[in-house]
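J.: Requesting a structural model of the entry that follows:
(one chain, ligands or ions: 2)
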Amino acid sequence: MRTQVAIIGAGPAGLLLSHLLAQGGVSSVVLETRSEEYVAARIRAGILEHSSVELLESAGLGDRIRKEGDHHRGIYLQWPGERHHLDFVNLVGRSVWVYGQTEVQKDLVAARTAETYYDISDTSLHDVSDKPFVTFTDKSGKSQRLDCDVIAGCDGSFGPSRHAVPAAKVFEKTYPYSWFGILADVAPSTDELIYAWHPNGFALHSMRSATVSRLYLQVPNGTDPESWSDDRIWEELATRLGHGQNGWKLTPGPITDKSVLPMRSYVQTPMRHGNLYLAGDAAHIVPPTGAKGLNLAIADVALLSKALIALINEKNPALADRYSDDAQRRVWRCTHFSWWMTTMLHTSGDPFDAELQLSQLRWVANSEAGATGLAENYAGLPIGY
Ligand code: RFL
Ligand code: PHB
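T.: Residues are numbered from 1 along each chain as shown. Ligands and ions are numbered 1, 2, ... in the order given. This next block holds a predicted model:
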């Protein structure tokens, strides 16, 4: 088989890249280890930045976001006794949309034109500095070879692509806590997301729709989700989110999914070697407190699709040569913002740290300069920042 761009990974980075390349007249084939059903059902991110929505709209993928997504002007930031609304629209003229990654994935699958191989195994990258090709075993057990001009590694942090960049530099940080996430069939108890600092640990009230809530608790690493009863989860969420404060109530409901997500961060550089380019989680992971993972994948792909279209259609390598440096500027900005949100909101047990966090939260919530900094980063910098 032959194609112009072999895309490894059918997550949001891989499928969006394939879509944008097709619009630019560049062919691609997408290779994915998991089944189509598994990829479509994965519960992950929930927030789209302003520029991600603009990009999806300009690619003809915005219809359902406008109809079914929930536009949020900002977020609530709280600590015991106080809840503050940060209005991003007033502060920076931009805002965010609540629209699950699962929905983005569905929209991408519905719009897909490229051939996609699901349920493959033994993915292997070859000759990336000269005449690249990918070998794999397809669903029926047949060995396949896909020749191409370029390989796009969109296969997340556990895929093989990032290991095909020799002498790459990896920057890593593991946080000493995890997030316990639940999905519940109950109307959200808030109109916009609540990020809560509490001496027991961080809590977040997010949502997926008018009838589905998504909530998170900071828990120690290694926590077994099954060791927490539903009652205990709701009690702890009520305590940390301030049930009863100023008349606010958290309404519990049936829990349909429980999972524990470790918090880690890494950045791998460069994001290119020869004819191999990395995008999304294959090149970087951020802790979820800044809601940046999916948005960064979209921003990488916005740059990479333009670079590959110019490279392949016009034989112009200028953008491709700059891709890694251009993408990394935003990656480090988002890595810093995610670290800043994480360390401001998660408790470490150290009373000195707790006083510093509370002081910082009061400053962010009460000073226009502090609030604007958070808003500018959360609502997202323009593509190409
Ligand atoms: P994805 O979505 O992980 O897609 C990579 C795809 O590559 C496939 N793959 C392979 N395919 C072929 N051959 C191989 N050898 C392969 N190895 C792997 C995988 O099966 C997969 O389908 O990466 P992408 O496209 O870069 O998209 C990035 C986002 O998915 C990610 O940044 C966010 O979802 C991160 N993230 C979250 N971000 C948030 O902002 N808020 C969240 O609440 C949130 N929750 C999460 C998350 C990431 C998670 N992961 C990766 C463990 C929850 C989880 C569980
Ligand atoms: C989510 O809805 O899953 C979500 C929202 C905001 C975050 C992280 C996750 O910061």
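J.: residues from the protein in reach of ligand 1?
T.: Residues of the chain lying near ligand 1 by Cβ under 6 Å from any ligand atom: 8-14, 31-34, 39, 44-46, 101, 123, 154-156, 158-160, 261, 280-281, 288, 291-294, 297. (Each C-beta comes from the backbone N, C-alpha and C, glycine too.)
J.: Just the buried ones from the residues you listed?
T.: Using 16 or more other Cβ atoms under 10 Å as the burial test, these include 8-14, 31-33, 39, 44-46, 101, 123, 154-156, 159, 280-281, 288, 291-294, 297 as buried.
J.: quick one, helices of the stretch 201-350 of the chain?
T.: Along the stretch 201-350 of the chain, the stretches classed as helices by DSSP state H, counting those that start in this stretch are 230-241, 293-314, 318-345.
J.: what would those look like in CSV with mean pLDDT?
T.: CSV is the format used below for these (pLDDT from 0 to 100):
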stretch, mean pLDDT
helix 230-241, 98
helix 293-314, 97
helix 318-345, 97
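J.: so of these, which one's packed in deepest?
T.: Compared across the helices of the stretch 201-350 of the chain, helix 293-314 shows the largest average neighbour count, a mean of 23 (mean count of other Cβ atoms under 10 Å).
J.: helices or strands next to that one in the packing?
T.: If contacts are counted by 3 or more Cβ pairs under 8 Å, 6 or more residues apart in numbering; DSSP states H and E, helix 293-314 sits against helix 12-23, strand 47-49, helix 50-58, strand 150-153, strand 276-278, helix 318-345.
J.: change it to 7 Å
T.: Where contact means 3 or more Cβ pairs under 7 Å, 6 or more residues apart in numbering; DSSP states H and E, helix 293-314 is packed against helix 12-23, helix 50-58, helix 318-345.
J.: Briefly note if the longest one comes near ligand 2.
T.: No - residues of helix 318-345 are not located near ligand 2 by Cβ under 6 Å from any ligand atom, the shortest gap being 7.6 Å.
J.: Looking at the following helix or strand past that helix now, give me its mean pLDDT.
T.: Remark: after helix 318-345, the chain's next helix or strand is helix 351-366, criterion DSSP states H and E. Computed over helix 351-366, the mean pLDDT rounds to 97.
J.: elements contacting helix 351-366?
T.: Counting contacts by 3+ Cβ pairs under 7 Å, 6+ apart, helix 351-366 packs against strand 74-79, helix 318-345, helix 368-379.
J.: one step back: kindly reformat the helices and strands packed on helix 293-314 as a markdown table and extend each row with distance to residue 253.
T.: Below are the helices and strands packed on helix 293-314 laid out as a markdown table (distance: least, Cβ to Cβ, whole Å):
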| stretch | distance to residue 253 |
| --- | --- |
| helix 12-23 | 28 |
| helix 50-58 | 28 |
| helix 318-345 | 25 |
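J.: among the ones you listed, which is nearest residue 70?
T.: Closest to residue 70 of the helices and strands packed on helix 293-314, according to Cβ to Cβ: helix 50-58, at 11.8 Å.
J.: Quick check: residues of the stretch 151-300 of the chain near ligand 2?
T.: Neighbours of ligand 2 within the stretch 151-300 of the chain, by Cβ under 6 Å from any ligand atom: 193, 206, 214, 288-289, 291.
J.: 8 Å instead, please
T.: 181, 193, 195, 204, 206-208, 214, 216, 288-291 (Cβ under 8 Å from any ligand atom).
J.: How about the secondary structure of the nearest residue to residue 54 once chain neighbours are set aside?
T.: Counting by Cβ to Cβ, 6 or more residues apart in numbering, residue 383 is the residue found nearest to residue 54 once chain neighbours are left out, at 7.7 Å. What DSSP: H, G, I helix; E, B strand; the rest coil gives for residue 383 is coil.
J.: mind listing what residue 383 touches?
T.: Contacts of residue 383 were listed using Cβ atoms under 7 Å, 6 or more residues apart in numbering, and they are 51, 55, 299, 302.
J.: burial of the first one, as a residue count?
T.: Yep, that's residue 51 we're talking about. Using other Cβ atoms under 10 Å, the number of residues around residue 51 comes to 20.
J.: Please name the residues that touch it.
T.: 380, 382-383.
J.: right, and residue 48 touches residue 100 too?
T.: No - the pair residue 48 / residue 100 is not scored as a contact, 9.4 Å apart, by Cβ atoms under 7 Å.
J.: Kindly reformat the contacts of residue 51 as CSV containing distance to ligand 2 and pLDDT.
T.: As requested, these are exported to CSV (distance: Cβ to the nearest ligand atom, whole Å; pLDDT from 0 to 100):
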residue, distance to ligand 2, pLDDT
380, 13, 93
382, 20, 82
383, 20, 76
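J.: and which of those residues is nearest residue 322?
T.: Nearest to residue 322 among the contacts of residue 51, counting by Cβ to Cβ, is residue 383 at 14.4 Å.
J.: Against residue 250, how distant is the closest residue to residue 254 other than its chain neighbours?
T.: Closest residue to residue 254 apart from its sequence neighbours, by Cβ to Cβ, 6+ apart: residue 185 at 4.9 Å. Distance from residue 185 to residue 250, counting by Cβ to Cβ, to the nearest Å: 15 Å.
J.: out of these two, which sits in the more crowded spot?
T.: Shown here are residue 185 and residue 250; by other Cβ under 10 Å, residue 250 has more neighbours (23 against 11).
J.: Now the phi/psi pair for the more buried one, please.
T.: As for residue 250, its main-chain torsions (degrees, to the nearest 10) stand at phi -100, psi 120.
J.: For ligand 2, what's its nearest residue on the stretch 101-250 of the chain.
T.: residue 206 (3.3 Å; Cβ to the nearest ligand atom).
J.: Do you know the pLDDT at that residue?
T.: 97.
J.: Go ahead and confirm it touches residue 214.
T.: Yes - using Cβ under 7 Å as the test, residue 206 is close enough to residue 214 to be in contact (4.3 Å).
J.: For ligand 2, what's its nearest residue on the chain.
T.: Across the chain, the shortest distance to ligand 2 (Cβ to the nearest ligand atom) belongs to residue 46, at 2.6 Å.
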